[in-house]
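>>> generate coordinates for the sequence data below:
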Amino acid sequence: MKSKSSNLVTSLGIRAAMLCVLASACEQPFSPKGSFKEELVVYAILSNVADVQYVRVYRTYDPPGFDPFGHLTDNQVTGAQVTMSEDQTVIAFRDTQIVRNDTIRYLAPIDAYVAAPFRALKGKSYALEVQTLDGISTTAKIRLPDAGSIVVSNMSALVAPSASTLTTIAFAMYISPFAKGFILKFNLRFESLEGGIWVARQREVPLAIVLTAEGKEERYFPTLTRSPGGETTYTLVSQQFKIHAYQTIIGEIYRDHGGSVRFTSAGFVLTQVEPALYNYYGIANGFRDPNTIRVDEPDFTNIAGGVGVFGGFVQDTLVVALPAIL
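Next comes the predicted model:
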């Protein structure tokens with residue numbers, strides 16, 4: 001058994017060791033900035049919506065201080081060799097410049113890479129490769145969703161909402177197994193008489209319009225939703241729009257255009273998003289409320305040899321003719 005004096009010596013020794021560790025730690029300068037590693041950053045989103053596709057290439061940067069906005073350039077990479085392949089076809093992108101809409105931080109045009117005419121095809125696989133002048137290269141691959149379809153379950157409520165006894169307009173959609181997310185938009189198309197000329201316009205119909213307990217109106221629009229299906233077969237999903245919301249938009253159109261309106265059609269756009277873009281969007285918008293404080297730094301990339309995202313989406317459209325008067 002140890003004596004009291006022996007225990008005292010041991011205790012003093014432990015305290016002295018702790019003081020030495022603390023003193024040593026205090027000698028190490030603290031910096032909120034971690035170590036910096038320069039990487040290539042690549043952004044490219046393919047779609048079948050347009051026959052022009054873009055790729056943007058950057059390098060990461062280390063700001064001079066602790067404020068990232070202290071870096072005054074966005075480190076765009078020009079002169080790189082950018083190619084995209086689909087089966088045996090190779091598409092070469094060329095340098096271009098895009099007018100910058102937001103000039104609050106950067107004033108120079110956006111340097112990018114463009115391929116035109118090039119319309120991405122549903123169900124096809126694409127491989128992207130970027131190689132800079134100093135020999136750094138990155139690669140990425142995606143497969144776009146196959147064609148989807150939209151079915152109106154109760155057409156009578158759509159073409160004659162005021163006569164319908166239903167409360168919703170229901171839709172069925174078939175989602176590709178290669179889509180991880182989808183969204184269905186409902187656009188009401190019409191023409192308004194302006195200066196003796198009929199001008200084509202459209203307005204989006206929300207899923208629902210409700211009044212809160214405080215009497216405030218809130219409108220709910222479709223958002224990107226994860227597909228519940230697997231990876232081998234199409235998935236059947238449904239969505240409903242409240243007829244009250246549809247009728248409210250019709251009334252607003254008549255009011256805003258003085259009654260000089262004729263309706264033409266209802267346009268439905270189904271957007272299917274492949275996994276890489278869905279994952280990137282989901283992480284970047286992981287908390288969709290105004291009160292959440294994030295202390296982590298979530299990120300997603302499918303760029304081998306760099307960061308960023310190579311993703312894509314496809315759209316399918318259904319147009320239903322409507323009576324001129326609703």
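>>> show me the contacts for residue 40.
57-59, 77, 130, 132, 136, 138, 303, 305-308 (Cβ atoms under 8 Å, 6 or more residues apart in numbering). No exception for glycine: its C-beta is placed from N, CA and C like everyone else's.
>>> just the buried members of those?
Using 16 or more other Cβ atoms under 10 Å as the burial test, these include 57-58, 77, 130, 132, 136, 138, 303, 306-308 as buried.
>>> as JSON lines, the contacts of residue 40 with distance to residue 266 and pLDDT would be great.
As requested, the contacts of residue 40 are exported to JSON lines (distance: Cβ to Cβ, whole Å; pLDDT from 0 to 100):
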{"residue": "57", "distance to residue 266": "41", "pLDDT": "97"}
{"residue": "58", "distance to residue 266": "41", "pLDDT": "95"}
{"residue": "59", "distance to residue 266": "47", "pLDDT": "93"}
{"residue": "77", "distance to residue 266": "44", "pLDDT": "94"}
{"residue": "130", "distance to residue 266": "42", "pLDDT": "97"}
{"residue": "132", "distance to residue 266": "48", "pLDDT": "95"}
{"residue": "136", "distance to residue 266": "49", "pLDDT": "93"}
{"residue": "138", "distance to residue 266": "43", "pLDDT": "96"}
{"residue": "303", "distance to residue 266": "40", "pLDDT": "96"}
{"residue": "305", "distance to residue 266": "46", "pLDDT": "93"}
{"residue": "306", "distance to residue 266": "43", "pLDDT": "94"}
{"residue": "307", "distance to residue 266": "41", "pLDDT": "94"}
{"residue": "308", "distance to residue 266": "37", "pLDDT": "94"}
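>>> which ones among those lie within strands?
57-59, 130, 138, 307-308 (DSSP state E).
>>> quick revisit: which of the buried ones among the contacts of residue 40 sits closest to residue 157?
residue 308 (44.3 Å; Cβ to Cβ).
>>> now do the same contact list for the closest one.
Contacts for residue 308 (Cβ under 8 Å, 6+ apart) come out as 40-43, 58, 301.
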